[in-house]
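Chemist: The following comprises the amino acid sequence and a computationally predicted model.
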Amino acid sequence: MSRPDGRTGGPPTGPAYAVVIPTLARDTLSDCLAALAAAHGPQPEEIVLVDDRPEPEPGALEHPLTVLGDLRARTTVLTSGGRGPAAARNTGLRAVTAPWVAFLDDDVQVGPHWCDQLAQDLAEASPDTAAVQGVIAVPLPGERRPTDWERNTAALARARWITADMAYRTDALKQVAGFDERFRRAFREDADLALRVLDAGWRI
């Protein structure tokens, strides 16, 4: 069934996928969720938002969740106790039932055709493909010289296997026991996962 905005309603078509977003309830989360809700194409079957603050404040996620619109009914909020993004993603992974899970960081804004593009990538993935990576663009300020932190962050656009925007087969992740939770910071935990998936015989 078509809606006036041209998007399709009802359950998603093509390979079903879930979206897992670890968060510290940063200000960027609302924009992340709004962009996801606005993207054209088959919508996620489920969204798992994992609050990784050590002591979550009640109500801190209420406003970000309101921007999801119809997707709010498909969204689950879990907590992971402040153990870092690897553990947060594993918490979300254990909750999903879809055959694919797309990981987004809470400061990522997907493009307007992200759902369509992801669905096409998943449909075209060969049986031995465990994961597909999104194309990352990190804008730099144009009115001033970027800081060292901004330049370092922009370099992520050329990185391989970063789970700021990457989809994995759920079975492949379970085969390698997911992310290594000894990585407590957002650094190298995604490369470690990819290397273990490749060692298990999968393609990325």
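Modeler: Structure received.
Chemist: tell me the SS of the residue nearest to residue 81 when sequence neighbours are not counted?
Modeler: Excluding its sequence neighbours, the residue lying closest to residue 81 (C-beta to C-beta, 6 or more residues apart in numbering) is residue 54, at 6.6 Å. Heads up, the C-betas are built off the backbone N, CA and C, glycines and all. The local conformation at residue 54, judged by DSSP: H, G, I helix; E, B strand; the rest coil, is coil.
Chemist: and residue 54, how many residues sit next to it?
Modeler: 10 (other C-beta atoms under 10 Å).
Chemist: just residue 157 next, same as before
Modeler: Count around residue 157 with other C-beta under 10 Å applied: 13.
Chemist: Can you name the residues that contact it?
Modeler: For residue 157, the contact set (C-beta atoms under 8 Å, 6 or more residues apart in numbering) comprises 136-138.
Chemist: Name the helix or strand for the residue nearest to residue 193 when sequence neighbours are not counted, please.
Modeler: Nearest-residue entry for residue 193: residue 179, 5.4 Å, with adjacent residues in sequence omitted and distances by C-beta to C-beta, 6+ apart. For residue 179, there is no host helix or strand (DSSP states H and E).
Chemist: go on, residue 123?
Modeler: Going by DSSP H and E, residue 123 is in helix 114-124.
Chemist: Could you check how far the residue nearest to residue 81 is from residue 85?
Modeler: To residue 85, residue 54 is 14 Å away according to C-beta to C-beta, to the nearest Å.
Chemist: Can you classify the nearest residue to residue 75 once chain neighbours are set aside as helix, strand or coil?
Modeler: Spatial nearest neighbour of residue 75, excluding adjacent residues (C-beta to C-beta, 6+ apart): residue 47 at 4.3 Å. Recorded secondary structure, residue 47: strand (three-state DSSP).
Chemist: how near is residue 153 to residue 27?
Modeler: Taking C-beta to C-beta, one finds residue 153 at 16 Å from residue 27.
Chemist: Please disregard the earlier target; I meant residue 171.
Modeler: Distance from residue 171 to residue 27, by C-beta to C-beta: 35 Å.
Chemist: Please, where are all the helices along the chain?
Modeler: 29-38, 62-66, 85-95, 114-124, 148-154, 170-175, 189-199 (DSSP state H).
Chemist: just to revisit the earlier point, what residues sit buried inside the helix holding residue 123?
Modeler: 114-122 (16 or more other C-beta atoms under 10 Å).
Chemist: can you check stretch 186-204 too?
Modeler: 186, 189-190, 192-194, 196-197, 202, 204.
Chemist: and those as a markdown table, adding pLDDT and distance to residue 132?
Modeler: Below are those laid out as a markdown table (pLDDT from 0 to 100; distance: C-beta to C-beta, whole Å):
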| residue | pLDDT | distance to residue 132 |
| --- | --- | --- |
| 186 | 81 | 21 |
| 189 | 94 | 19 |
| 190 | 94 | 14 |
| 192 | 97 | 18 |
| 193 | 97 | 14 |
| 194 | 97 | 12 |
| 196 | 98 | 17 |
| 197 | 98 | 12 |
| 202 | 98 | 12 |
| 204 | 97 | 8 |
